[in-house]
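Novice: this one's structure only:
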């Protein structure tokens, strides 16, 4: 049962502090994965949209959500994955994209790319030296939501968070 003293906005504020386990400089709220909190007499339901359907971090994120709520005295909580509408990089703010860049990940180049499956058609700026003289190494980087690039200027490899 949810403590009566908790409001939806307070629970969202608690959950907005949970870091993305694959990109610890941003939270699940900043990434746009935290969609909603539904309170009822049965408990608390958290609606979550993964960046990719088979995102391996979702299990860890679900555990982090449930443990955060339990620490706050909310025992009857569940996490529901929501796949429609599909997650999009449009849900990331410019501030979030700047955090990715400072972390060494090139942010999505534009909104809802129509060519996200072909990142070689996108001019990607190196997050280390800001050169656009970069090349696609692999359509999949450290995770499925990223592509691996290399900078021809500073010769550093880096991930690019693909538009989708």
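Specialist: Structure's in. What do you need? For clarity, every value in this text was computed on a predicted model and none was experimentally measured.
Novice: from here on, contacts and neighbour counts on C-alpha atoms
Specialist: Fine.
Novice: For residue 146, which non-adjacent residue is closest in space?
Specialist: In space, not counting the residues next to it along the chain, residue 146 is nearest to residue 161; the distance is 4.4 Å by Cα to Cα, 6 or more residues apart in numbering.
Novice: Same question for residue 78.
Specialist: With Cα to Cα, 6+ apart, the residue lying closest to residue 78 is residue 45, at 5.0 Å.
Novice: didn't the one you found look like it was pressed against residue 37?
Specialist: Yes - proximity of residue 45 to residue 37 meets the contact threshold set by Cα atoms under 8 Å, at 5.8 Å.
Novice: Name the residue in these two with the higher neighbour count.
Specialist: Looking at residue 45 and residue 37 with other Cα atoms under 10 Å, you find the greater number of neighbours at residue 37, namely 19 against 16.
Novice: Run through the bridge partners of the more buried one.
Specialist: Counting by DSSP bridges, residue 37 is bridged to residue 46.
Novice: Got the domain ranges for this protein?
Specialist: Domain assignment of the chain by automatic domain parsing yields the ranges 8-81, 90-161.
Novice: what is the mean pLDDT for the last one?
Specialist: Spelled out, it's domain 90-161. Per-residue pLDDT values across domain 90-161 average out to 87.
Novice: can you pull out the strands in this structure?
Specialist: Remark: strands assigned in the chain by DSSP state E are 19-20, 23-27, 34-40, 43-48, 77-81, 105-106, 134-138, 146-151, 157-161.
Novice: Including distance to residue 10, could these go into JSON lines?
Specialist: Converted to JSON lines, these look like this (distance: least, Cα to Cα, whole Å):
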{"stretch": "strand 19-20", "distance to residue 10": "17"}
{"stretch": "strand 23-27", "distance to residue 10": "16"}
{"stretch": "strand 34-40", "distance to residue 10": "10"}
{"stretch": "strand 43-48", "distance to residue 10": "12"}
{"stretch": "strand 77-81", "distance to residue 10": "15"}
{"stretch": "strand 105-106", "distance to residue 10": "31"}
{"stretch": "strand 134-138", "distance to residue 10": "42"}
{"stretch": "strand 146-151", "distance to residue 10": "32"}
{"stretch": "strand 157-161", "distance to residue 10": "30"}
